[in-house]
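> here you go, sequence then predicted model.
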Amino acid sequence: MYAIVKTGGKQYRVQRGQSLLVERLPVDGGGEVALEPLLYVDGDTVVDGGGGGGGLERVSVSARVVGHERGPKLRVVKFKPKRGYKRRTGHRQELTRLEVTDIKLGETSDGA
């Protein structure tokens, strides 16, 4: 069983118990966060946003914030030949480490 979730403008394939690094989330360490599912797969059961059946509202993906980290230092170099123009700057991305605690598919709530 796995799900495709979206956070920070990126998509991730997650399973229960998996740890992953995502863009910094405004949640303290040890807190719970709900991730937005895009696809749910469990054997022959596939739930996605297509078909108008409203299947993704039944899927919930929750994760626990393990801690906040910073990514590796990236060197950014600008250079224009024959003009004496050189610039070097650095960047470290703020990241959050998550541990996926649960992926659930709820029951259908048909009113008919």
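That came through fine.

> for this protein, just list every one of the strands.
Along the chain, the stretches classed as strands by DSSP state E are 2-7, 10-14, 19-23, 32-42, 45-48, 59-70, 74-80, 85-91, 94-105.

> surely residue 31 and residue 64 touch.
Yes. Proximity of residue 31 to residue 64 meets the contact threshold set by C-beta atoms under 8 Å, at 7.4 Å. For glycine as for every other residue, the C-beta is placed from the backbone atoms N, C-alpha and C.

> so between those two, which is more surrounded?
residue 64 (17 against 11; other C-beta atoms under 10 Å).

> residue 29 is in contact with the more buried one, correct?
No. Applying C-beta under 8 Å as the test, residue 64 and residue 29 come out as separate, 9.2 Å apart.

> stretch 10-20: end-to-end distance?
Distance across stretch 10-20, first residue to last, is 12 Å (C-alpha to C-alpha, to the nearest Å).

> ditto for stretch 75-87
10 Å.

> one more: stretch 55-62?
Stretch 55-62 end-to-end distance (C-alpha to C-alpha) = 17 Å.

> now swap in stretch 87-96 and tell me
30 Å.

> from the chain's centroid, how far away is it?
Chain-centre distance of stretch 87-96: 20 Å, with C-alpha atoms, centre = their mean, to the nearest Å.

> average pLDDT for it?
Averaged over stretch 87-96, pLDDT sits at 96.

> and that stretch, what's buried?
95-96 (16 or more other C-beta atoms under 10 Å).

> can you check stretch 58-69 too?
58-61, 63-65.

> in CSV, list those residues along with distance to residue 8.
Output for those, formatted as CSV (distance: C-beta to C-beta, whole Å):
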residue, distance to residue 8
58, 24
59, 19
60, 19
61, 14
63, 13
64, 17
65, 14
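
> please identify which of these is nearest to residue 71.
residue 65 (16.6 Å; C-beta to C-beta).

> relative to residue 4, which of the buried residues of stretch 58-69 is nearest.
For these, the nearest to residue 4 is residue 61 (9.4 Å; C-beta to C-beta).
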